[in-house]
Each structure stands twice: as C-alpha cells, then as structure tokens.
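Student: sequence first, predicted model second:
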Amino acid sequence: MSELAQRAQISYERKPNTLHSFFALKFHDGDEDRAKVEAIESALNKAGIEITLMARDVEKWGNADIPAGKTLMKDYAFPAMLQCDCNIIEFSEKGVGLGMNGGFCYASRKPIYVIAKTGSDISTTMANIATEIVFYDKPNDLIEPFTRIVNNFPRVILASQSVFRKQQLIDSSIPFEAIVSNVDETPDKTKSFKNQLAEISMRKAQKVLEMTKARGLRLIVAADQNMVFNNVMYGKPKSISDARNLLIQMRGSEEIYFYTGNAVLLAKNDKILQSINITDISRVSFDNISDEKIDDYLKDDICLSICGGIQMNSPFIHLKEGRLSTAQGMTIEYAKEMMANLTI
C-alpha cells in the first residue's frame, strides 16, 4: 500500500555559500529520467545548490499518493517554491507544468534559471521570465555557471549562531545563512547602554562583511542584547542559581527593559551600500509568580542562553512597550525593510 505524500521539508537556514532551489522538468515514468535528474543534481551540488524535486521528495518516485482533495502543484509544489531561493527549470522538453511553475515563481519574484540541452527551443514566454538561460551538453557543464550564480546570489547573512535570532528569521520565512563573527564583545563602559550595544552589533556585522568580501550583494544582520533591571545591565545568567535569584528579584515588576543593538549592512563585495546601526528598547512586565513556578520554569536550562533568563513566550512575561522582536533578540523589521534592495 502506498504512503500518503507529505510536503517537502526545506529549512530556511542555508549552509554557507549555498542555495536551495526548486527543480522542475517534464518528468516521465522510468529509470531514465531518474538517472538524468541525479546526474544534474550531482553537478548542481558541486556548484553549491541543493534541490527540491516533487517526483522524489513528495511523490517518492511513485510510492506516495497525493491525498484526495489535494493537488501536487497547488498544495505541494507552490509552497515549496516559496521556501526556495530560486527555481531551476530543465526546459529541453516543453511541458504545461513547467509554464505554470515558471509563472508562479515569476509572480512570487523568485529568480528563474532555465537550463536546456544545447540547441533546445526556448519559448518566448519562458525566455522573457528567465533570470538566465544556461545551455549544456553534459551535466558537468552546469558547474561553472551555477558556481558563479551561487557566489553572486543576493542573500541574508545572520552574524550569529543564536537559536533565537535564527528562529526570528525562520518565523518571518526569510532564507538565511549564519556566520559567527567571533569578535570581542567587551563593552566600552564609558558609553551609554544604548551606545555599548550598538557598537558591539556593528563590530559583528563589520567582521562578517570582511569575512565575505569576495561575495556579491548581501544583507548582513547582527545584534547584541542585554536586559536592564534597576539600572543594572544583565547578560545571560551564568548558572541556574543566578537565574533564579534574578527572576525572584524581577517578579512583580513592570520595569524590565531589553536593550537590543542592531546593525544591518547592505553590501556588495567590500563596499557598504546602506547601513542601519541603532539600539532599540522594549519594556516588559513579569507576573508575581510563586517560587514553585519559577523552579518549574528553570527545569529547562534554556534560560542560561537568554538575557536575564527570560523567554518572551513565557505566559508570565508581557510586552508593555516597544517591539516584540526587539525583546526577542533583534529588531527584525530593519532587515525586512532593507530586503527590498536585495534583488538580482
């Protein structure tokens, strides 16, 4: 008995200097087309491109059925296309589905790369919506042009390994790669809280700019956060005991502040085209909960990786002023605004 088809699993986090592409071709049943796809995929992998293919990743080469009431294109292919960086269409042989595929990606502002055997006839419509057309004789001919495409593809780079900042990008459906800057994060305590955090976030962004200076257009996003309570700045608790003592002090307060320094750089090679460097503040309240509830909360040592030990999704923490994203770890709205300039 066949299994039921499931949506393709595509992570929004990309490996460094790679792309994830939807891949489409006019597919025929049989091993010949499967071998063709695998040869092309091998070449694309060498160029830094991973692919999602409906025949393999959803239909399991004919061993998974589309549930009643659903269609492959609308319920499986279109959502996958939106999660991918781009669309690669093998157009050596024309097909109605390929036109639907290209039209949807074009309307969704996803770059479309058409590949075809040398001498193939590319329709005027497909040629007009294609970002680039690449002809090839053998699959390995695709490695050089797609290596160039990967190196120059506009992307978001998170200058952090923070699981919370990664989750903010994932929740916003933004594909990204993460590069750790490993800069000195010692604050200049002669400066204000706001200036300290803005400066550290910019250190992170500029270091990643330097690390990626050989690459094309990209948006580098960095942040640094601390919590301020009773005019004292707190980072991540060093132990469960420290976290507990701080939470006991803060419970019942409506004057807990998250200071988040943000640095966003739109850059091409080693040139900064546009930048934002600002510290935002959000104020939260902490319900007057019991010692038992605090101890129950602390059973998960995730509190040791969060400023002040506070998770914003906790039922006893409430945003009172400012943006939720600021309290969560970075003011993601700045990156969203500048992404309008991150185009091919």
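Tutor: Right, received. Where do you want to start?

Student: for the helix or strand hosting G99, C-alpha coordinates in CSV please.
Tutor: For G99, the host element (DSSP states H and E) is helix 96-107. What follows is helix 96-107, C-alpha atoms only, in CSV (Å, rounded to 0.1, in the frame of the first residue of the first chain):
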residue,chain,number,x,y,z
VAL,A,96,2.4,22.8,-19.4
GLY,A,97,3.5,22.2,-15.8
LEU,A,98,6.8,23.9,-16.5
GLY,A,99,5.0,27.0,-17.6
MET,A,100,2.8,27.1,-14.5
ASN,A,101,5.9,26.6,-12.4
GLY,A,102,7.7,29.5,-14.1
GLY,A,103,4.7,31.8,-14.0
PHE,A,104,4.2,31.2,-10.2
CYS,A,105,7.9,31.8,-9.4
TYR,A,106,7.9,35.0,-11.6
ALA,A,107,4.8,36.3,-9.8
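
Student: which SSE is immediately downstream of it?
Tutor: strand 112-117.

Student: hmm, who's touching that next one?
Tutor: For strand 112-117, the surrounding residues in contact (C-beta atoms under 8 Å, 6 or more residues apart in numbering) are 21, 40, 86-92, 102, 105-106, 122, 126-127, 129-137, 142, 146, 149. For the C-beta atoms, the positions are set from N, CA and C on the backbone; glycine is no exception.

Student: quote the end-to-end distance of stretch 23-41.
Tutor: Length of stretch 23-41, first residue to last, C-alpha to C-alpha, to the nearest Å: 9 Å.

Student: again, but for stretch 2-21
Tutor: First-to-last residue span, stretch 2-21, C-alpha to C-alpha: 27 Å.

Student: list the buried residues for it?
Tutor: Buried residues in stretch 2-21, counting neighbours by 16 or more other C-beta atoms under 10 Å, are found at 5, 8, 10, 12, 14, 17-21.

Student: do the same with stretch 184-203
Tutor: Result for stretch 184-203 [16+ other C-beta under 10 Å]: buried residues 187, 193, 196-203.

Student: now, the residues you listed that are in helices?
Tutor: 193, 196-203 (DSSP state H).

Student: now the two most distant members of the buried residues of stretch 2-21.
Tutor: A5 and N17 (31.7 Å; C-beta to C-beta).

Student: picking that back up, please flag which of the contacts of strand 112-117 sit within strands.
Tutor: Judged by DSSP state E, the subset of those located in strands is 21, 86-90, 132-136.

Student: so who does S253 touch?
Tutor: Here S253 is in contact with 229, 285-286 (C-beta under 8 Å, 6+ apart).

Student: any chance of TSV for these, columns secondary structure and distance to V114?
Tutor: What follows is the contacts of S253, written out as TSV (DSSP: H, G, I helix; E, B strand; the rest coil; distance: C-beta to C-beta, whole Å):
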residue	secondary structure	distance to V114
F229	strand	57
S285	strand	55
F286	strand	56
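
Student: so what are the domain limits for this structure?
Tutor: Per automatic domain parsing, the domain ranges recorded for the chain read 3-152, 155-341.

Student: which among the ones in strands among the contacts of strand 112-117 count as buried?
Tutor: Among these, those classed as buried by 16+ other C-beta under 10 Å are 21, 86-90, 133-136.

Student: and which of these is nearest L217?
Tutor: Closest approach between those and L217, by C-beta to C-beta: C86, at 14.2 Å.

Student: tell me where the stretch 201-344 of the chain has strands.
Tutor: Using DSSP state E, counting those that start in this stretch, the strands of the stretch 201-344 of the chain run over 218-229, 232-234, 256-268, 271-286, 317-321.

Student: just give me the lowest mean pLDDT stretch among those.
Tutor: For those, mean pLDDT drops lowest on strand 232-234, to a mean of 94.

Student: against which helices or strands is that strand packed?
Tutor: When contacts are defined as 3 or more C-beta pairs under 8 Å, 6 or more residues apart in numbering; DSSP states H and E, strand 232-234 sits against strand 218-229.

Student: now find how far off-centre the strand it packs on is within its chain.
Tutor: In terms of C-alpha atoms, centre = their mean, to the nearest Å, the centre of strand 218-229 is found 16 Å from the chain centre.

Student: repeat that for stretch 337-344.
Tutor: Relative to the centre of its chain, stretch 337-344 is centred 14 Å away, using C-alpha atoms, centre = their mean.

Student: ok, residues contacting it?
Tutor: So stretch 337-344 is contacted by 109, 111, 131, 153-156, 174, 217-219, 264, 266, 273-274, 276 (C-beta under 8 Å, 6+ apart).

Student: mark which of these are buried, thanks.
Tutor: 111, 153-156, 174, 217-219, 264, 266, 276.
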